[in-house]
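> Here is a sequence with its predicted model. Questions after.
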Amino acid sequence: MELRRAGALDAAVAAQVYLASRKGAGDLIPPAAHDDEDVHRWMRDVFLPYAEVWFAVEDERVLGLLGLQPPDRLEQLYVVPEAQGQGVGTALLDLAKRLRPRGLQLWAFESNTAAHRFYERHGFVVAEQTDGSANEEHAPDRRYVWRPASQHVG
């Protein structure tokens, strides 16, 4: 598997990975606040131009997506359903830790118990829980943080 930086021309592929992953999650993720066309536009016009986006690629097929925003936000981490449980998410998360060695933070929906297990297995701890009033889906969520062993969570 290769990890490579996504570019402006990768917006359609990034949107496909995002949409397939969310749809494949079923009830673990609340229904999207935007339709597919809006997601494609957002990837092209907002996310790819302003985030550091990486793909996990195998045999020229994009299996996963990682998006980072300064200074320490893991903004998106999605793996297509058929590649889940095969180390793709771990490879992307390990890359995120290497790129942000001082620490990371992210949000996960309260309903996404698979994500909770994944992040907690990789050293993330819950720093905050909300009622969802600040996210577009209006779904309860939790903020996770990861700090290297030499730093305290805060």
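Perfect, I can see it now.

> Tell me the pLDDT of the closest residue to residue 142 other than its chain neighbours.
Nearest residue to residue 142, sequence neighbours excluded (CB to CB, 6 or more residues apart in numbering): residue 129, at 4.6 Å. All C-beta spots, glycine's among them, are computed from the backbone N, C-alpha and C. The score at residue 129 is 97. That number is its pLDDT.

> Let me know whether residue 129 touches residue 141 as I believe.
Yes - applying CB atoms under 8 Å, one finds residue 129 in contact with residue 141, separated by 7.4 Å.

> shared neighbours of the two, which are they?
Shared contacts of residue 129 and residue 141 (CB atoms under 8 Å, 6 or more residues apart in numbering): residue 110.

> neighbour count winner among those two?
Ranked by neighbour count (other CB atoms under 10 Å), residue 129 and residue 141 place residue 141 first, with 23 against 11.

> residues touching residue 143, list them.
105, 106, 107, 126, 127, 128, 129, 130.
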